[in-house]
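**Student:** Build me a model:
(chains A and B)
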Amino acid sequence: MSSLNGKVAIVGAADTEVGVVPHMGATQLCVDAALRALDDAGIDKEQVDGLITCNSMAEPYMYHAEAIAEYMQIFPRYCLGVGTGGGTTFSVLHHAASAIATGVCDTVLITMADSLYSGLSKEQAMAMQSSTGHQQFEIPYGPTVPAFYALSGQAHMAEYGTTPEQFAAIAVAGRKHANLNPAAQKRDIITVEDVLNSRMIADPLHLLDCSLISDGGSAVVLTSAERATSFKNPPVYLLGAGEGHSHEHISQAHNLTTSAAAESGQRAYEMAGVGPSDIDVAQIYDCFTPTVLIELEDLGFCEKGEGGAFVENGNVELGGSLPINTHGGLLSHCHPGNPGSMFALTEAVAQLRHQAGDRQVQDAKVSLVHGQGGILSSHTTLILGREKH
Amino acid sequence: MADHSGKNFPTPTKETAPYWEGCRNHQLVIQQCLKCEYYQFYPRMICTHCSHDHMDWVTVSGNGRVVSFTVIRRPISPAYKAEAPYVVALIKLDEGPTMMSNIVECEPEKVFIGMKVNVVFEDWSEGISIPKFVPQK
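**Tutor:** Modelled structure (predicted):
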């Protein structure tokens, strides 16, 4: 298998305003993200010959990518709209990079947005939540989305002695970083006690163990490494990409405490020729705090079962051995649903360009970004670098 | 029959009808491979263990253990409000497969991982009964 290592680079990356954005609809946010990323790349829409979007729940289209292309009046030769959840965005990066590396197209715009906070009624939001899970074998029992993830968290506690305080440390780190990010939706510093005292949603998950509900969009522009040096900003190279897929429904998971992040991570490290100790900053999908802990273990940053001890004492905060989710993550920056992990990607780009301001990880050279979707079901890991290896 | 209107009723398919028919008769009926004798849940056209394409339907013990659980404090919809807080659990049947269900007739605080449970059936309508689990006596 030929490797994508160093063949493709991100040359544009930008977010819209995020959080509560009632003055813009989901379609507008998607186009706004695209325009900002094109501006960041310093190119016109005419130079885009590949377009990837994800569908919106607030303003869905049957052919979403085609609808955005039509709105913007761009006429791509590669056009893909995806409908699935949080890990999707990273898997489309894999697809886009493959398309560029094989000459299918030259410049791909990936833009994703939704307005879950302002664009859905309470009834619509509840209907959407009810649709997660198996219609016959899960949904009748009344599970919520936090409940599905709580099953993994609870199993990790029983198996490895992980504590609610350790889960809470992840939320505390995210908020500390969001405090340094003027764009973040929630910026007030919180403590472990604040997390433990927040309302219990689905044991062991408290309100502050759960990600936000937000409006917002985010976009990137990809092109070949050969072309990447002629843009406004320095390129960020794709060094490794890997996927792992284990199930859709949590009741069918073969293991509640080890995920297919172990496989996606291994594949990405192998392609990049690096290991966990080479990563300067990581963006780890944080829909709920236990998700992060399991992913950190599966991605090899610590041994299985030692995630709880790893996230304590500020180790995953700026200044710690592995700063994670330096923008604030889904827990504190924003979480508009399907586009969620795009913001982790644009943050990785900002870190590797050394443009992250107060939250810059000093001299960051290599970043890992991990997205997952479903209920710890579908995983994509990317490794990005300031330089080609 | 208690009022279950507004709840998320399962819609049986051609493939799953024998399972739901079993539930209606208050029997837990799942698939077993005719070749390798592997038990599987949910119902499928093939054995996920050996890929054989002939599956038998068998009545199982209904006994199992809690693999994990959570207590839902805020119900998914108003139809589930009367039950809140309620326990959503994964139960590994003695025959091998894991299924999601509720643990009922037990205070949520008393549920634990490893707890032995057995199946009971809750009649939601004339056609639909839902398997749930109670602590083994």
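**Student:** show me where pLDDT drops low in chain A?
**Tutor:** Applying pLDDT under 70 to chain A picks out residues A:1-2, A:88, A:129-130.
**Student:** And the strands in it?
**Tutor:** In chain A, the strands defined using DSSP state E lie at A:8-15, A:50-54, A:78-82, A:107-115, A:200-202, A:205-206, A:215-224, A:236-245, A:281-284, A:366-373, A:378-385.
**Student:** out of those strands, nearest to residue A:329?
**Tutor:** strand A:281-284 (7.5 Å; C-beta to C-beta). (C-beta placed from N, C-alpha, C; glycine too.)
**Student:** so which of the strands of chain A comes closest to residue B:83?
**Tutor:** Among the strands of chain A, strand A:200-202 comes nearest to residue B:83, with 14.1 Å by C-beta to C-beta.
**Student:** which residues touch that closest one?
**Tutor:** Identification of contacts with strand A:200-202 by C-beta atoms under 8 Å, 6 or more residues apart in numbering or on different chains yields A:144, A:146-147, A:150, A:206-207, A:209-210, B:70-74, B:88.
**Student:** Looking at the residues you listed, which is nearest residue A:220?
**Tutor:** Among those, residue A:210 lies closest to residue A:220 (C-beta to C-beta), at 26.7 Å.
**Student:** what number of residues lie near that closest one?
**Tutor:** Residue A:210 sits with 25 neighbouring residues when counted by other C-beta atoms under 10 Å in any protein chain shown.
**Student:** gap between it and chain B?
**Tutor:** For residue A:210, the distance to chain B equals 11 Å [C-beta to the nearest C-beta, to the nearest Å].
**Student:** and chain B, which of its residues are near chain A?
**Tutor:** Contacts of chain B with chain A, taken as C-beta under 8 Å from any C-beta of the partner chain, map to B:7-13, B:16, B:20, B:41-42, B:67-77, B:80, B:83, B:86, B:88, B:90, B:98-102, B:113, B:130.
**Student:** Just the buried residues out of these, in ChimeraX syntax.
**Tutor:** Command for ChimeraX that selects the buried part of the residues of chain B next to chain A, burial taken from 16 or more other C-beta atoms under 10 Å in any protein chain shown:
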select /B:7,8,9,10,12,16,20,41,42,67,68,69,70,71,72,73,74,75,76,77,80,86,88,90,98,99,100,101,102,113,130
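**Student:** Select, from the contacts of strand A:200-202, the two members most distant in space.
**Tutor:** The two members of the contacts of strand A:200-202 with the most space between them (C-beta to C-beta) are A:207 and B:88, at 18.2 Å.
**Student:** so where do the helices sit in chain B?
**Tutor:** B:17-24 (DSSP state H).
**Student:** longest strand in it, by residue count?
**Tutor:** Every strand in chain B considered (DSSP E), the longest is strand B:63-72.
**Student:** next one: that one to chain centre, how far?
**Tutor:** Relative to its chain's centre, strand B:63-72 lies at 11 Å (C-alpha atoms, centre = their mean, to the nearest Å).
**Student:** Report all helices and strands that that strand contacts.
**Tutor:** Contact analysis of strand B:63-72 by 3 or more C-beta pairs under 8 Å, 6 or more residues apart in numbering or on different chains; DSSP states H and E lists helix A:145-160, strand A:200-202, strand B:86-93, strand B:98-103, strand B:116-123 as its packing neighbours.
**Student:** If we use 10 Å, what do you get?
**Tutor:** helix A:145-160, strand A:200-202, strand B:86-93, strand B:98-103, strand B:116-123, strand B:129-135 (3 or more C-beta pairs under 10 Å, 6 or more residues apart in numbering or on different chains; DSSP states H and E).
**Student:** if I look at the closest residue to residue A:253 other than its chain neighbours, how far off is chain B?
**Tutor:** Spatial nearest neighbour of residue A:253, chain neighbours left out: residue A:247 (5.0 Å); criterion: C-beta to C-beta, 6 or more residues apart in numbering or on different chains. Distance from residue A:247 to chain B, counting by C-beta to the nearest C-beta: 11 Å.
**Student:** unless I'm mixing things up, residue A:247 is touching residue A:260, no?
**Tutor:** Yes - between residue A:247 and residue A:260 there is a contact under C-beta atoms under 10 Å: 8.5 Å.
**Student:** Please enumerate the shared neighbours of those two.
**Tutor:** Common contact partners of residue A:247 and residue A:260 (C-beta atoms under 10 Å, 6 or more residues apart in numbering or on different chains): A:253, A:254, A:376, A:377, A:378.
**Student:** what's around the last one, how many residues?
**Tutor:** A count of nearby residues for residue A:378, using other C-beta under 10 Å, gives 25.
**Student:** That one contacts residue A:371, doesn't it?
**Tutor:** Yes - between residue A:378 and residue A:371 there is a contact at 8.7 Å, judged by C-beta under 10 Å.
**Student:** Common neighbours of those two, please.
**Tutor:** Joint contacts of residue A:378 and residue A:371 (C-beta under 10 Å, 6+ apart) are A:85, A:86, A:87, A:88, A:90, A:91, A:243, A:264.
**Student:** give the contact list for the residue nearest to residue A:120 when sequence neighbours are not counted.
**Tutor:** Nearest-residue entry for residue A:120: residue A:58, 5.3 Å, with adjacent residues in sequence omitted and distances by C-beta to C-beta, 6+ apart. Residues in contact with residue A:58 (C-beta under 10 Å, 6+ apart) are A:25-27, A:29, A:113-121, A:124-125, A:128, A:215, A:336-337.
**Student:** filter those residues to the buried ones?
**Tutor:** Applying 16+ other C-beta under 10 Å to those, the neighbour count classes A:25-27, A:29, A:113-120, A:125, A:215, A:336-337 as buried.
**Student:** Could you check how far the closest residue to residue A:266 other than its chain neighbours is from residue A:23?
**Tutor:** Leaving aside its chain neighbours, residue A:266 sits nearest to residue A:242 (6.8 Å; criterion: C-beta to C-beta, 6+ apart). According to C-beta to C-beta, to the nearest Å, residue A:242 stands 39 Å off from residue A:23.
**Student:** what's the answer for residue A:162, then?
**Tutor:** For residue A:162, the distance to residue A:23 equals 42 Å [C-beta to C-beta].
**Student:** Those two - which one has more neighbours?
**Tutor:** Neighbour count, other C-beta under 10 Å: between residue A:162 and residue A:23, residue A:162 has more, with 25 against 9.
**Student:** State whether the more buried one and residue A:302 are indeed in contact, as I suppose.
**Tutor:** No - Residue A:162 is beyond contact range of residue A:302, at 12.0 Å (criterion: C-beta under 10 Å).
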